[in-house]
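> Fold the following, please.
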Amino acid sequence: MPVTDFSGKTAFITGGASGIGLAMARSFAARGANVMLADIEEAPLKAAVELLSKSNTQVDGVVLDVSDRDAMRAAAAKTIERFGKVHIVCNNAGIGAGGPMDEVTPSDWEWSIDVNLKGVVWGIEAFVPLIKQHGEGGHVVNTASMAGLVPIPGFGPYTATKYAVVGMSEDLSMELEPFGIGVSVLCPGFVKTQIGTSRRTRSDKYANDKAPDQDAIAQSNQAIEAGIPAEVVGERVVECILENRLYAFTHPEFKSFTAERFERISADFDAAGESASVKSVSPDAKEHQLAAVAALRDGQD
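From the prediction side, this is the model:
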């Protein structure tokens with residue numbers, strides 16, 4: 001069954017040492033949840049565990065590079081060893097990299113995809129079977145961004161990976177519904193976090209000789225500094241889990257941006273309807289395609 005309360009449940013959170021991850025941890029802990037924090041930075045992770053321990057929270061931590069599939073599996077095993085079960089999984093770790101699309105370096109693409117996208121994939125792979133196993137239901141929270149719904153020029157790798165997380169979460173929600181496991185995709189706007197200094201966590205395997213665009217970084221950091229507190233996001237995630245909402249939005253004022261996107265999509269669908277080439281497809285073929293897609297969505301043979 002979907003999560004209706006947090007007391008006695010166990011939550012695993014990547015990127016949990018600061019920002020949105022730590023805010024979620026504090027919100028869960030305040031409602032009686034056990035918390036396993038995972039983060040690539042050891043010192044901040046230790047400090048976060050100590051902070052939560054002061055409130056009598058059952059908390060532990062594991063140093064984790066989410067791009068490492070084997071390390072994610074090990075973190076899942078440690079969570080079960082420490083708490084017995086896991087009910088809530090927050091695939092939250094993420095980094096920001098960008099630049100004009102034709103100038104983005106291969107290492108920036110690899111870093112973005114490995115952390116923002118594969119980090120979510122490995123989290124789903126390692127933890128969802130563990131939630132299914134105990135049969136008590138649970139919830140998966142995948143952190144995307146408003147950039148996963150509305151593109152931001154100059155942030156191609158970030159936008160691409162966040163769009164992917166939104167699509168994966170929409171798919172996952174349909175797959176897990178029969179198991180009583182909810183899914184939320186968190187799509188915040190600007191939040192006061194350390195994402196603007198993501199390069200502090202960049203490992204040597206993503207070495208990049210190209211100097212970052214300092215003007216772009218300064219502009220981005222200015223927007224981040226004007227963002228909402230992470231604590232607001234933590235509380236909003238709690239609300240969305242309890243209400244079993246697929247889309248966890250934190251900035252209702254951004255609705256107009258998504259409306260503009262969907263208006264454009266709608267207009268281009270209408271244009272396709274007037275296309276001579278599209279009209280050449282027989283009505284029977286179109287009905288057959290619709291039926292096939294409906295069957296796939298409904299899980300029919």
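> Can you list the residue ranges for helices in the protein?
For the chain, helices defined by DSSP state H occupy the ranges 19-29, 42-53, 69-83, 106-112, 118-134, 156-176, 214-225, 230-242, 255-273, 276-279, 283-298.
> Columns mean pLDDT, mean neighbour count and distance to K205 on top of these, output as CSV?
Bear in mind the C-beta positions are built from the backbone N, C-alpha and C, glycine included. Below are these laid out as CSV (pLDDT from 0 to 100; neighbours: other CB atoms under 10 Å; distance: least, CB to CB, whole Å):
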stretch, mean pLDDT, mean neighbour count, distance to K205
helix 19-29, 97, 25, 23
helix 42-53, 97, 17, 18
helix 69-83, 98, 17, 14
helix 106-112, 94, 19, 8
helix 118-134, 98, 20, 13
helix 156-176, 97, 20, 16
helix 214-225, 63, 12, 22
helix 230-242, 97, 20, 29
helix 255-273, 95, 11, 35
helix 276-279, 91, 9, 46
helix 283-298, 83, 10, 38
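> With distance to A248 added, can I get those helices in CSV?
Putting the helices of the chain into CSV (distance: least, CB to CB, whole Å) gives the following:
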stretch, distance to A248
helix 19-29, 11
helix 42-53, 22
helix 69-83, 22
helix 106-112, 22
helix 118-134, 14
helix 156-176, 10
helix 214-225, 19
helix 230-242, 4
helix 255-273, 14
helix 276-279, 36
helix 283-298, 22
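> Of all these, which one is nearest L149?
With CB to CB as the measure, helix 255-273 is the member of these nearest L149 (5.3 Å).
> for I88, what are its contacts?
3, 6, 9-12, 28, 33, 138-141, 241 (CB atoms under 8 Å, 6 or more residues apart in numbering).
> for the closest residue to V183 other than its chain neighbours, what are its contacts?
Once flanking residues are discounted, V183 sits nearest to S173: 3.9 Å by CB to CB, 6 or more residues apart in numbering. Taking CB under 8 Å, 6+ apart, we find S173 in contact with 182-183, 246.
> Noted, bye for now.
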